[in-house]
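Peer 1: Generate a structure from the sequence data that follows.
(one chain, ligands or ions: 1)
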Amino acid sequence: MPEDHMNRKLFWISILLITSLTSLADNELITGEELMTRFGADLSTTEIRAEKLVGNLYVLFGVGGNIVASIGEQGVLMVDDQFSEMVPRIQAAIHELGGGDIDFVVNTHWHFDHAGGNEVLGGSGAWLISHSTSRDMMSKGAMVNLVAFTVEQDPYTESGLPVMTFDDRMQMHFNGEQIDLLHAGPAHTAGDAVVVFRKHNVVHMGDVYNNAGYPFIDADNGGDLNGMIEFCKTVIGELNEDTVVVPGHGPVVGYENLVSYVEMLATIRDRIVGLIAEGATLEEVIAAGPTAEFDEAMGDSVDMRFINRAYTSLYKHELGSDLDN
Ligand SMILES: [Zn+2]
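Peer 2: Now for the predicted structure:
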């Protein structure tokens, strides 16, 4: 859509400006909230925008990861909860849609922009659920290397930690439908969960599928481009052509968009793997332009974050060793 394209362009232009105007030190350490502010998001005023998906399922857009909410007779289940500052507006949006208190929150992963509302919601009685590795990361805290910045995520207190975890797969039965939580190995992080609402044929992909630019691979914390491709393929095997796909970020799309995303990732992966086999350094891989024909649609990766993180994860995968830097 032209408007999307325009928004995406503006988004990348603003990042370019921010990056060039602030002359950042290499890999500056900041908080998740600071990161959002620098990218132009206002955590104190941004309103939640709700869009109906199918039946009693809604997607909520605010600051951070997309939320899917199931609002029905048994209560409210949410997938992801953005930032603590956003929680009062998320609760208000749910009330406006006819829901009450939030009973369950499923975290697609542990990152600050998806699980940041956990402490507030867990503290007010919601049951939190995640992959076991994500709970582990939430309890320990972590450094998220975004190349130009590193976000320091503090450990969550008890109230922000999931009370239920799973390893491979988990089923819930809530508001009249089966809800499947799937994990298929390291991808965006090492603790991703994809959530499939079976009756309404809706999937929340978390950041295993980013539809607002190239995906981020948290390579320093076990994320893996190869794994991201395999994870998506496993999920696609559980879906059909009519599935409504909610990405971690960006607009809601259809099944075919997810399929072409995987094809794009596989093309880029094959090129980078080929270059690594020839002994190419990161700089040489960047110079070879392995993402060239996708850059206009996906937004140029200004600091080459995508190629940087992809290369780092593939290097580990291909050569079984870490890079020096
Ligand atoms: Zn993430």
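Peer 1: Looks to me like Leu121 is in a helix.
Peer 2: Yes. Under DSSP: H, G, I helix; E, B strand; the rest coil, Leu121 falls within a helix.
Peer 1: pLDDT value on it, please?
Peer 2: pLDDT, Leu121: 98.
Peer 1: Next up, phi/psi of Leu128, please.
Peer 2: Main-chain torsions, Leu128, degrees, to the nearest 10: phi -100, psi 140.
Peer 1: and if you look at Thr165?
Peer 2: Main-chain dihedrals, Thr165, degrees, to the nearest 10: phi -130, psi 160.
Peer 1: what's across from it in the sheet?
Peer 2: Thr165 forms beta bridges with Ser130, as assigned by DSSP bridges.
Peer 1: any idea what the most centrally placed residue in the chain is structurally, helix, strand or coil?
Peer 2: The chain has Asp207 as the residue nearest its centroid, 2.3 Å off, counting by C-alpha atoms, centre = their mean. Here Asp207 is recorded as helix under three-state DSSP.
Peer 1: doesn't Pro215 make contact with it?
Peer 2: Yes. Taking C-beta atoms under 8 Å as the definition, Asp207 is a contact partner of Pro215 at 6.6 Å. In this view, the C-beta of every residue, glycine as well, is placed from N, C-alpha and C.
Peer 1: got any residues that touch both of the two?
Peer 2: Taking C-beta atoms under 8 Å, 6 or more residues apart in numbering as the contact rule, Asp207 and Pro215 both touch His188.
Peer 1: picking up where we left off before, contacts only, for the residue nearest to the centre of the chain.
Peer 2: Contacts here follow C-beta under 8 Å, 6+ apart; on that basis Asp207 touches Gly65, Thr108, His109, His111, His114, His188, Thr189, Asp192, Pro215, Phe216, Gly248, His249.
Peer 1: For the second one, which non-adjacent residue is closest in space?
Peer 2: Just to be clear, that refers to Thr108. Distance criterion C-beta to C-beta, 6 or more residues apart in numbering; nearest residue to Thr108, sequence neighbours excluded, is Gly206 at 2.7 Å.
Peer 1: same check, this time on the fifth one
Peer 2: Leaving aside its sequence neighbours, His114 sits nearest to Gly65 (C-beta to C-beta, 6+ apart; 3.9 Å).
Peer 1: how about stretch 79-88 against the ion, any contact?
Peer 2: No. If you take C-beta under 5 Å from the ion as the test, stretch 79-88 misses the ion, and the best it gets is 9.7 Å.
Peer 1: Please spell out which residues along that stretch are buried.
Peer 2: By 16 or more other C-beta atoms under 10 Å, the buried positions in stretch 79-88 come out as Val79, Asp80, Asp81, Gln82, Phe83, Ser84, Glu85, Met86, Val87.
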